[in-house]
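Trainee: curious how this folds, go ahead:
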Amino acid sequence: MLLTPDDIARELASLPGWAHESDRLVRTYTFGGFPEAVAFVARLVPGSEAADHHPDLLIHYRRVTVEWWTHDEGGVTDRDLAGARLTDAVARPPCA
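Mentor: All right, here's what the predicted structure looks like:
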């Protein structure tokens, strides 16, 4: 079920760095270099596969932009919030 903009805003209060843009949850992480950025993406794969829910990713050298949205619902659902939390968990160690 799609979340309302108010629901999303309330949840984003506990997800620093994330934004609600164009019916998606979006965050850009910055790493020390390209190898660290790619390693971050690799750490994201197992949890995404286990949930059978996958983000859209853009790797630009040491920056990785992650977008979570539920394609078949056309917006943000609880699955995307879980994906954002997973992403934050595997982004550590260091990123900005």
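Trainee: could you export the helix or strand residue 48 falls within as CSV, CA atoms only?
Mentor: Assigned by DSSP states H and E, residue 48 belongs to helix 34-51. Provided in CSV are the C-alpha atoms of helix 34-51 (Å, rounded to 0.1, in the frame of the first residue of the first chain):
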residue,chain,number,x,y,z
PHE,A,34,35.4,4.0,-6.5
PRO,A,35,36.4,0.7,-4.9
GLU,A,36,34.6,1.6,-1.7
ALA,A,37,31.5,2.8,-3.6
VAL,A,38,31.3,-0.5,-5.5
ALA,A,39,31.9,-2.5,-2.2
PHE,A,40,28.9,-0.6,-0.7
VAL,A,41,26.7,-1.7,-3.6
ALA,A,42,27.9,-5.3,-3.1
ARG,A,43,27.0,-5.2,0.6
LEU,A,44,23.5,-4.0,-0.4
VAL,A,45,22.8,-7.0,-2.7
PRO,A,46,22.2,-9.8,-0.2
GLY,A,47,19.5,-7.9,1.8
SER,A,48,17.8,-6.7,-1.3
GLU,A,49,17.7,-10.2,-2.8
ALA,A,50,16.4,-11.6,0.5
ALA,A,51,13.6,-9.1,0.5
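Trainee: which positions in that helix come out as buried?
Mentor: Applying a neighbour-count criterion of 16 or more other Cβ atoms under 10 Å, one finds 36-37, 40-41, 44, 47-48 buried in helix 34-51. (Each C-beta comes from the backbone N, C-alpha and C, glycine too.)
Trainee: just the strands in the protein please.
Mentor: Using DSSP state E, the strands of the chain run over residues 19-21, 24-30, 56-60, 63-68.
Trainee: most tightly surrounded among those?
Mentor: Mean neighbour count (mean count of other Cβ atoms under 10 Å) peaks for strand 63-68 among those, with a mean of 20.
Trainee: now do that one against helix 34-51, angle only.
Mentor: Orientation check (axes from the mean of the first three to the mean of the last three Cα atoms, to 10 degrees): strand 63-68 against helix 34-51 gives 10 degrees.
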